[in-house]
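Q: model the structure of this input:
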Amino acid sequence: MMVISEDGTQLGVKSKNEALDLAEAREMDLVLVAPNAKPPVAKFMDYNKYRYEQQKKAKEAKKKQNIMNLKELRLSPKIEEHDFETKLKKGRKFIEDGDKLKVSIRFRGREMAHTSQGREVMLEFAKKMNDIADFESRPKQDGRTMIMTLVPKKDK
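A: Predicted coordinates for the structure are as follows:
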């Protein structure tokens, strides 16, 4: 195996036993850094410190992940203007917080004959959200429900 000292200098190719003896003499741990390399690479280091730094990096990477939740708003095909504006404000808040927004309309009874009216309401909603949101999926009819999904726009 290729052995590297704690300061990063290469000590050359050594057998496993030689490398372990050298590590013990230096009061360090021998850590296999690249086991799949030809020959495998091992380095002298304090293993506890190494583990701590790996955990710290993983924690930092997890913080930077963007977690996106799915929020839902329900509209109706005959929604009043004020109710529409209220739902729009709520939808804007969800999108600005970085969440996906599922907008649905449930058609009850005879409303099934006027699904085009529901589609118009949804498209109007999407049009007013156009400055901050993009379609993930356009309005689709699924039985008595029509659903569309909006996601925050990507910053260019």
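
Q: contact partners of the lengthiest strand in the chain?
A: Using DSSP state E, we find that the single longest strand of the chain is strand 133-142. Strand 133-142 has contacts (C-beta atoms under 8 Å, 6 or more residues apart in numbering) with 95, 100-101, 115, 118-119, 122-123, 126, 146-154. Placement of C-beta: from N, CA and C, glycine included.

Q: and the helix or strand that that strand is followed by, what does it pack onto?
A: Using DSSP states H and E, the helix or strand that directly follows strand 133-142 along the chain is strand 145-152. In terms of contacts (3 or more C-beta pairs under 8 Å, 6 or more residues apart in numbering; DSSP states H and E), strand 145-152 is packed against helix 81-96, strand 100-106, helix 115-128, strand 133-142.

Q: please parse this protein into its domains.
A: Domain ranges of the chain: 2-64, 70-152, per automatic domain parsing.

Q: about what we covered before: chain center to the longest strand of the chain: distance?
A: Relative to the chain's own centre, strand 133-142 is displaced by 20 Å; criterion: C-alpha atoms, centre = their mean, to the nearest Å.

Q: what residues sit buried inside it?
A: For strand 133-142, burial by neighbour count (16 or more other C-beta atoms under 10 Å) applies to 133, 139.

Q: where is the longest helix in this protein?
A: Selection of the longest helix in the chain by residue count, based on DSSP state H, yields helix 47-64.

Q: who's in contact with it?
A: Under the criterion C-beta under 8 Å, 6+ apart, residues 29, 31 lie in contact with helix 47-64.

Q: what is the mean pLDDT for that helix?
A: Helix 47-64 shows a mean pLDDT of 87.
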